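A.B. asks: Got a predicted model here, sequence first, then my questions.
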Amino acid sequence: MNDVYYLANPDCISCKNTDAPSKALNSGNIYAGNVFNIVDSFVENANLFGATRFFGFSISNYGTLVYKLNGQKIDLQKIQFPSLDTLYVTNKDKNYRLGGV
Amino acid sequence: MAFQNVTTGDFRTYLTKYGMRVLLNKGLLNNVAYFSVKDDGINYAESVPANSVLIKAVTGDNLKNLYNSGPQLTTGVRPPIPNVDKEELIFIDECNNLEYKNIIATINLGNYLAQLRNAETNYQTISNGYEPYLRLFDEIKVYSYKENAFNQYKLWNTEDRNITLTFNTEVDYKNYLLFDNTHVVKNGNSTIVDYGQNRFKSPFKFSVGSLRSANGVITQNGAATIYFYPVDSFVYDVDGLKILPETLSELTYNNSRNIIPQVQWNGSYYGIKTDTTVTWKQPVNQVPFRFNGLLEAGIVAAKNLFDFYGTTSVLNPNVKVIQINMKVNTAQPGEVKIKDANLTLNLTLDTTETSWSLTGNTITIN
């Protein structure tokens, strides 16, 4: 992974970090305030096992935050942040399970 | 082939179960033409007809085969036989080159938090090898074994498969929900995030990640980690107003003088450290270290969590414990079930900080 996301509205052109190719937060799909990305395997495995609940994270993505002080734009170093990975919970045969049927 | 009573007149040779299986499965029979037995000063030898199912003893007597089914073998298509005799789940710790069949882990969160504090204080000199999270194991493999002529199981293959962790009891499941701070719920095609309903919210995240093999296959048997992440959401303080990142528009951006990134946690806001002359090394270039006061706020939350939900340790009345018991197995539908492996987490925290140690163990595996 090691993707870089800018942490602002994807439509805000001025918010983007201009010195690096950045993606919109979650490619425009924001799951929640502190959940930025769900890797493909997450959904794929969920579908495979018919899972209904998901838990998990990885910390391999980077985010760029916007910072302005007294009208001056200041570039902040990109921060590593957690993104959801592949683990999830299902309730199968009255057993709660992480990760599968 | 094996031998019995080799020092007596009742010397016998016979095929083991393994040997017979090889003959049946692999067609090795046609390749067995000769064997010899050596004794001090005496050589015994016997040639075997290529189409025979019997092997003669050195005395000339026929040996019964392993299955006591007479000299004739049934020919035809046999039902598929797994090419392994035994499978088991193995937890692998790559860092320390260790393997475990079951894990009972005592997690000393006080020592972990002490290390996080130290990393924040000494962020400029922190080792590049420092990991700001706890790693219980790196992956879970399926080991397959074959049985040899001496009834010993020899490792035949290792595999990555999707795994499941089943909570032993409802209490274990509830303890997991208490300890794990972010829950993602997928319902049909919609995905929502639940931050948990704890009265005292956990700053910790526990999960088992995925693994991508060299050929690109992703399996869910990766590292089990505990991470400190006291975050409800990111916000921007825009000239005194709180705005979510996804709603920061071009117009707002251009018309505002101050836009300060903040973390919202437990109803309070923690602003980003604004010294832009600092280059944050990778181990500390993470959210708990980059926002003023956030790490300490998370530590307070951790203490509240364990004070309220933990049970008192029999070893130290200051230490509170949250226990999670799980059984680990593979998840492939229709797969022959492997014997469960056990994973027990004893999550402990001295809420008085008395026993916290910077150099003490964070994980002890029994």
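C.D. replies: Now that the structure is in, tell me what you want to look at.

A.B. asks: average model confidence for the helix or strand B:T164 falls within?
C.D. replies: In this assignment (DSSP states H and E), B:T164 forms part of strand B:163-167. For strand B:163-167, mean pLDDT rounds to 87.

A.B. asks: Which strands or helices does the helix or strand that comes right after that strand pack on?
C.D. replies: Remark: after strand B:163-167, the chain's next helix or strand is helix B:170-179, criterion DSSP H and E. Packing partners of helix B:170-179 (3 or more C-beta pairs under 8 Å, 6 or more residues apart in numbering or on different chains; DSSP states H and E): strand A:95-98, strand B:204-208, helix B:294-309, strand B:319-330. Yep, even glycine has a C-beta here, placed from its N, CA and C like the rest.

A.B. asks: mean confidence for stretch B:255-266?
C.D. replies: Computed over stretch B:255-266, the mean pLDDT rounds to 95.

A.B. asks: Looks to me like B:N346 is in a strand.
C.D. replies: Yes - counting by DSSP: H, G, I helix; E, B strand; the rest coil, B:N346 falls inside a strand.

A.B. asks: Who does it form a beta bridge with?
C.D. replies: B:T106, B:Q323 (DSSP bridges).

A.B. asks: ok, B:L241 - contacts?
C.D. replies: With contact set as C-beta atoms under 8 Å, 6 or more residues apart in numbering or on different chains, B:L241 has no partners.

A.B. asks: ok, now how distant is it from B:Y143?
C.D. replies: B:L241 sits 57 Å away from B:Y143 when distances are taken as C-beta to C-beta, to the nearest Å.

A.B. asks: what do you get for B:N157?
C.D. replies: Distance from B:N157 to B:Y143, counting by C-beta to C-beta: 8 Å.

A.B. asks: Helix or strand, whichever it is, which one in chain A has the lowest mean pLDDT?
C.D. replies: Least confident element among the helices and strands of chain A, by mean pLDDT, DSSP states H and E: strand A:53-54 (a mean of 42).

A.B. asks: export the strand holding B:T164 as PDB, just CAs?
C.D. replies: Below are the C-alpha coordinates for strand B:163-167, written out as PDB (Å, rounded to 0.1, in the frame of the first residue of the first chain):
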ATOM      1  CA  ILE B 163      -8.400 -18.300   9.700                       C
ATOM      2  CA  THR B 164     -11.200 -17.800  12.100                       C
ATOM      3  CA  LEU B 165     -11.000 -16.900  15.700                       C
ATOM      4  CA  THR B 166     -14.000 -18.100  17.700                       C
ATOM      5  CA  PHE B 167     -14.700 -16.600  21.100                       C
END
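
A.B. asks: now the angle from it to helix B:170-179?
C.D. replies: 110 degrees (axes from the mean of the first three to the mean of the last three C-alpha atoms, to 10 degrees).

A.B. asks: how about low-confidence regions in the chain?
C.D. replies: Just so you know, I chose chain A. Residues of chain A that meet the criterion pLDDT under 70 lie in A:1-3, A:17-61, A:83-94, A:99-101.

A.B. asks: try again with chain B
C.D. replies: Residue ranges of chain B with pLDDT under 70: B:1-83, B:183-196, B:212, B:214, B:216, B:218, B:331-336.

A.B. asks: Kindly recompute the last result at 50.
C.D. replies: B:28-81 (pLDDT under 50).
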